[in-house]
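J.: predicted model follows, preceded by the sequence.
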Amino acid sequence: MQWFGKGSGNIEDRRGMSGGTVLGGGLGIIVVVLGLIFGTDLTGVVNQLPLNTGSQTEVKPTDPTDAQGKFVDGVLESTNQVWEKQFQKMGKTYEEPILVLFEGSVQSACGNASAAVGPFYCPADHKVYIDLSFYNELKDRFGAAGDFAQAYVIAHEVGHHVQNLLGISDKMDKYRRQLSEKEYNKLSVKLELQADFLAGLWAHDAQNLKDFKLEDGDIEEALNAANAIGDDKLQKQAQGEVVPDAFTHGTSAQRMQWFRKGFETGDIKQGDTFNFEQL
Ligand SMILES: [Zn+2]
């Protein structure tokens, strides 16, 4: 893909800062590692943990000057433009998320997180967190190379932000307390597949932005990434067997299917991966 437009103005660059923490002395809350790889869903953890209020000073958003930082910034701005229009259509106002670049570990309103959890979205502070070294892992360990695989990661996390703004994350929280782990995992899969759908929808709509250009092979790169990080594939690699009850993100086939559905339809109404009323 190519982005010819301006940056988002919403990048909080905490790279090079120790622990991604601006001021020390806060409550050190360790976020349980819920997933192996990006999409780690901190929804639900939020309401169970006290917030680190008072221990964190905002880092002023800056415009990254390095190539990778600029790329992420451009992707983020394209998601802003896409979702602003989509929210307008729904009669709502889109609130832009902040994207935090960090190295090693980071403090969020959802607790402290190590880069090992992969990129994540924290519903409590409306921020997406990413250590860019994850992109090396995506390429080398999971065989998902390409700029659009990287863009898909951002679009997926922004998808969680959209879910948060639409109140879907709150509903998840409510059910989290009522369901067994096995049942909740099923719900988690639906949330994650919807984030994949929303990423596909972004790719669909971004093509209409004047500063965005989709290139040959881009969609294949995103689908390849979705395929590489399906629960069945990851479980097979890690433990040699597949345990469907422990799925939290969906199979490779499901992840590809929902991304593709968002991309092909461009219709947010097609993205109902779950029906809360039926639970
Ligand atoms: Zn996710």
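T.: Looks like it came in fine.
J.: contacting residues around stretch 137-152?
T.: Identification of contacts with stretch 137-152 by Cβ atoms under 8 Å, 6 or more residues apart in numbering yields 1, 37, 71-72, 75, 135, 153, 199, 203, 215, 217-219, 221-222, 224-229, 259. Quick note: C-beta positions are derived from backbone N, CA and C, even for glycine.
J.: please compute how far it lies from its chain's middle.
T.: 14 Å (Cα atoms, centre = their mean, to the nearest Å).
J.: tell me which residues of it come out buried.
T.: Across stretch 137-152, burial judged by 16 or more other Cβ atoms under 10 Å covers E137, L138, K139, F142, A144, G146, D147, F148, A149, Q150, A151, Y152.
J.: quick revisit: list only buried entries from the contacts of stretch 137-152.
T.: For those, buried by 16+ other Cβ under 10 Å: 1, 37, 71-72, 75, 135, 153, 199, 203, 218-219, 221-222, 224-229, 259.
J.: buried sites along the top helix by length along the chain?
T.: In the chain, taking DSSP state H as the definition, the longest helix is helix 181-206. Using 16+ other Cβ under 10 Å as the test for burial, helix 181-206 gives 184-206.
J.: I'd like the buried residues of stretch 137-152 as CSV, with secondary structure, pLDDT and distance to the ion appended.
T.: Below are the buried residues of stretch 137-152 laid out as CSV (DSSP: H, G, I helix; E, B strand; the rest coil; pLDDT from 0 to 100; distance: Cβ to the ion, whole Å):
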residue, secondary structure, pLDDT, distance to the ion
E137, helix, 92, 16
L138, helix, 93, 14
K139, helix, 95, 19
F142, coil, 92, 15
A144, coil, 96, 15
G146, coil, 96, 20
D147, helix, 97, 20
F148, helix, 97, 18
A149, helix, 97, 15
Q150, helix, 97, 15
A151, helix, 97, 15
Y152, helix, 96, 11
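J.: out of those, which is nearest to L234?
T.: F142 (8.6 Å; Cβ to Cβ).
J.: L101 and D13 touch, don't they?
T.: Yes: using Cβ atoms under 8 Å, L101 is in contact with D13, at 5.0 Å.
J.: now do the shared contacts for those two.
T.: P64, G69.
J.: settle it for me: which of those two has more neighbours?
T.: L101 (25 against 20; other Cβ atoms under 10 Å).
J.: now the more buried one: how far from S133?
T.: 11 Å (Cβ to Cβ, to the nearest Å).
J.: list the helices and strands the helix or strand W258 falls within packs on?
T.: Using DSSP states H and E, W258 sits in helix 252-265. In terms of contacts (3 or more Cβ pairs under 8 Å, 6 or more residues apart in numbering; DSSP states H and E), helix 252-265 is packed against helix 181-206, helix 218-228.
J.: just want the angle from that helix to helix 218-228.
T.: Counting by axes from the mean of the first three to the mean of the last three Cα atoms, to 10 degrees, helix 252-265 lies at 150 degrees to helix 218-228.
J.: circling back: of the buried residues of helix 181-206, which ones also sit close to the ion?
T.: Contacts with the ion within the buried residues of helix 181-206, counted by Cβ under 5 Å from the ion: E192, A195.
J.: mean confidence score for the helix holding W258?
T.: For helix 252-265, mean pLDDT is 96.
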